[in-house]
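**Student:** attaching a predicted model along with its sequence, questions to come.
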Amino acid sequence: MSVNSPTSPSSTSRHSRLYTRLFVDERIVPAATQMKLYVVAGSLIFLGLVSLLTLWWSVLQPELLTTMDTAIQAWLEDGQTETLTVIMVVVTEIFGPIALPIIVLAVTVTWGVRAEHSWRPFLLATGILTGVIIVQIITRVVGRSRPPVDLMLYGPDMTFSFPSGHVLGVADFFLIVTFLVFSRRNNPRMAAVSYTVATLLVVATALSRLYLGYHWTSDVLASMALSLVILGSVIAVDTYRTTRVIPGAHRSVPA
């Protein structure tokens, strides 16, 4: 009876198949499409970084953003109703730190198992995990306090406020999924609808966190800015790893 060594042909073949399934997902695009993807990625990273750093600097300056943050908080407080509060609680729970990771895990595992290549679900999981790590670091470095406890409508939360992990998680998940799905499909109308829905879900989550009294407006804006950086990075990495340009290729994959 023979036993395959770690360097045997069958072992090498298994490793090669695993690598191909996880890291190879090539697609042919015109040079113009590849360049467009890089430009979009770079623009998102630049815009997100500038916005995030500006907000970061601003929250460290006493009273600089107080007027905006407190005015919006007061406006939302004036509009509170029992029905609206229930809706906001449902939104914040669905996309909270318990339910959202379950949704992400279910989507990632199901997609990874059913897909011919696991590159996109792997990239989705990596992008979201990167966002979680970064936001935990920033919140501790900035150390910004949340709004007063008496404004919190769903129990006290004494953790740091800037930026919002809720909003970042939702933005990363829906925006990255939308890109990874529609970057492979030539359906601009459906892509536009999907990006619009993703944006509305992000805004709804941000409003729920503000309405329930757990974040300042600058917190959720910083999360959106950070999500642009992560989305741009995902687009850049995916473009570098998967797009191949063949001279004379006319088949276009939408950005």
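**Tutor:** Arrived safely.
**Student:** when you work out contacts or count neighbours from here on, use the C-alpha atoms and nothing else.
**Tutor:** Noted.
**Student:** quick check: next helix or strand after the lengthiest helix in the chain?
**Tutor:** In the chain, taking DSSP state H as the definition, the longest helix is helix 31-59. Where DSSP states H and E defines the elements, the next helix or strand beyond helix 31-59 is helix 66-78.
**Student:** ok now that next one, how far from the chain's centre?
**Tutor:** 26 Å (C-alpha atoms, centre = their mean, to the nearest Å).
**Student:** what are the contacting residues of the following helix or strand past that helix?
**Tutor:** Using DSSP H and E, the helix or strand that directly follows helix 66-78 along the chain is helix 82-94. Here helix 82-94 makes contact (C-alpha atoms under 8 Å, 6 or more residues apart in numbering) with 99-100, 154, 166, 204-205, 207-209, 211-212.
**Student:** repeat that for 7 Å
**Tutor:** Defining contact as C-alpha atoms under 7 Å, 6 or more residues apart in numbering, one finds that helix 82-94 is touched by 99-100, 205, 208-209.
**Student:** which of those residues fall within helices?
**Tutor:** Short answer: the contacts of helix 82-94 in helices (DSSP H) are 99-100, 205, 208-209.
**Student:** closest one of these to Arg244?
**Tutor:** Using C-alpha to C-alpha, Leu100 comes nearest to Arg244 of these, at 34.1 Å.
**Student:** so how far is Leu168 from the closest one?
**Tutor:** 11 Å (C-alpha to C-alpha, to the nearest Å).
**Student:** these two: who's more crowded?
**Tutor:** Leu168 (27 against 18; other C-alpha atoms under 10 Å).
**Student:** helices and strands around the helix or strand encompassing the more buried one, which ones?
**Tutor:** Using DSSP H and E, Leu168 sits in helix 165-182. The contact analysis (3 or more C-alpha pairs under 7 Å, 6 or more residues apart in numbering; DSSP states H and E) places helix 165-182 against helix 119-142, helix 188-211, helix 217-242.
**Student:** now do it and helix 119-142, the angle between them.
**Tutor:** Here helix 165-182 points in a direction 160 degrees away from that of helix 119-142 (axes from the mean of the first three to the mean of the last three C-alpha atoms, to 10 degrees).
**Student:** most neighbours among the contacts of helix 82-94, which one?
**Tutor:** Result: Thr205 is most packed of these (other C-alpha under 10 Å), 27 neighbours.
**Student:** and it, what does it touch?
**Tutor:** Applying C-alpha under 7 Å, 6+ apart, the residues near Thr205 are 91-92, 167.
**Student:** okay, it: pLDDT?
**Tutor:** pLDDT, Thr205: 94.
**Student:** from Gly42, how far out is it?
**Tutor:** 26 Å.
**Student:** also Ala198?
**Tutor:** 21 Å.
**Student:** try Ile72
**Tutor:** For Ile72, the distance to Gly42 - C-alpha to C-alpha - is 32 Å.
**Student:** hang on, Ala191 packs against Leu180?
**Tutor:** No: at 10.7 Å, Ala191 does not count as touching Leu180 under the criterion of C-alpha atoms under 7 Å.
**Student:** which of the contacts of Thr205 has the most neighbours?
**Tutor:** That'd be Val167 among these, by other C-alpha under 10 Å, with 28 neighbours.
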